[in-house]
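*Asks:* give me a model of this one.
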Amino acid sequence: MLSVVIPVYNGSDSLRELCESLKLLFSLNQWDYEIILVDDGSTDNSRQTMSVLSAEDPHIISIFLDKNYGQQNAIFCGLNFARGELILNMDDDLQHPVHVIPSLLHKMSEGYDIVYAISPVKYKKRYRNLGSKMTDRIFTWFLKKPAGKRISSYRIIRKSIVDKIISENYRYVYISASVMKHTKNIANVEYEKPSRKFGNSNYNFLKQVKIFARIILYYTHFKPFQRFRKKGGQYGISNIINR
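*Replies:* Numbering: from 1, shown residues only. From the prediction side, this is the model:
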């Protein structure tokens, strides 16, 4: 089985199109699957859309968090419910094209633990390009990411690695940083990212700075940082449909 974990935040405009595209791909290839939608405190109609999608298809599991915990924690929640031998992570905004999934699966068949789909870095805002470069430097310097490999939120992971990730008990979660603790057996496939059809990115300069600081605090080996790492409380769930 392939589990697809999708964090949702104000994604009501794109969710149906995304789920229908996934279902068509899986049907054409006769793949066993589950789609796990995790709502991270949306303020639009995402919850209503998710409820309808789950009512229409038992393969779609909808998880509603009791408040906004952030994208990484929402993904962490979804990983805890994933049952597939392979777990795919993708965003809810249609910028992670469904047609890339067969390429990810093919690359995984070569024996990798995780495969990231990557696209050329060409953000309109300069700080986003700088942030992407800084993320790469932090992962290379502090987390020993293999040189020449890139990370992204569009990825497929083996269940054996996911089981190690979800065993961690720190309140702050960054999935790819956790991956680097457990494996360096990673690969990339390239794709062209489409333009955003709905909404705007939730990231800004301050959020990126906080992410860098937390990655260094929670995932590096500097012993003085250990006493500042908070444990537990990664997420709370208010309701689940189809599980």
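*Asks:* show me the contacts for the closest residue to Gln234 other than its chain neighbours.
*Replies:* Residue nearest to Gln234 in three dimensions, not counting chain neighbours: Asn73, with 5.0 Å by Cβ to Cβ, 6 or more residues apart in numbering. In this view, the C-beta of every residue, glycine as well, is placed from N, C-alpha and C. Counting by Cβ atoms under 8 Å, 6 or more residues apart in numbering, Asn73 makes contact with 40, 173, 234-235.
*Asks:* at 10 Å what do you get?
*Replies:* Applying Cβ atoms under 10 Å, 6 or more residues apart in numbering, we find Asn73 in contact with 7, 38, 40, 65, 171-175, 233-236.
*Asks:* now do the strand or helix carrying it, average pLDDT.
*Replies:* Assessed by DSSP states H and E, Asn73 sits inside helix 71-81. For helix 71-81, the mean pLDDT works out to 97.
*Asks:* please renumber the chain so that the first residue is 93 from this point on.
*Replies:* Yep, numbering from 93; the last one is helix 163-173 now.
*Asks:* elements contacting whichever helix or strand comes after it?
*Replies:* Sequence-wise, the next helix or strand downstream of helix 163-173 (DSSP H and E) is strand 178-181. Under the contact criterion of 3 or more Cβ pairs under 10 Å, 6 or more residues apart in numbering; DSSP states H and E, strand 178-181 touches strand 94-100, strand 125-131, helix 163-173, helix 193-200, strand 206-210, strand 247-250, helix 251-258.
*Asks:* and the contacts of strand 178-181?
*Replies:* Contacts of strand 178-181 (Cβ under 10 Å, 6+ apart): 93-99, 114, 125-128, 167, 170-171, 174, 188, 193, 196-197, 200, 206-209, 244-251, 253-254, 257, 267-268.
*Asks:* buried subset of those residues, written for PyMOL?
*Replies:* Restricted to buried positions by 16 or more other Cβ atoms under 10 Å, the PyMOL selection for the contacts of strand 178-181 reads:
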select buried, resi 94+95+96+97+98+99+114+125+126+127+128+167+170+171+174+188+193+196+197+200+206+207+208+209+244+245+246+247+248+249+250+251+253+254+257+267+268
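*Asks:* state the mean pLDDT of stretch 300-311.
*Replies:* 88.
*Asks:* return the set of buried residues in it.
*Replies:* 300, 303, 306-311.
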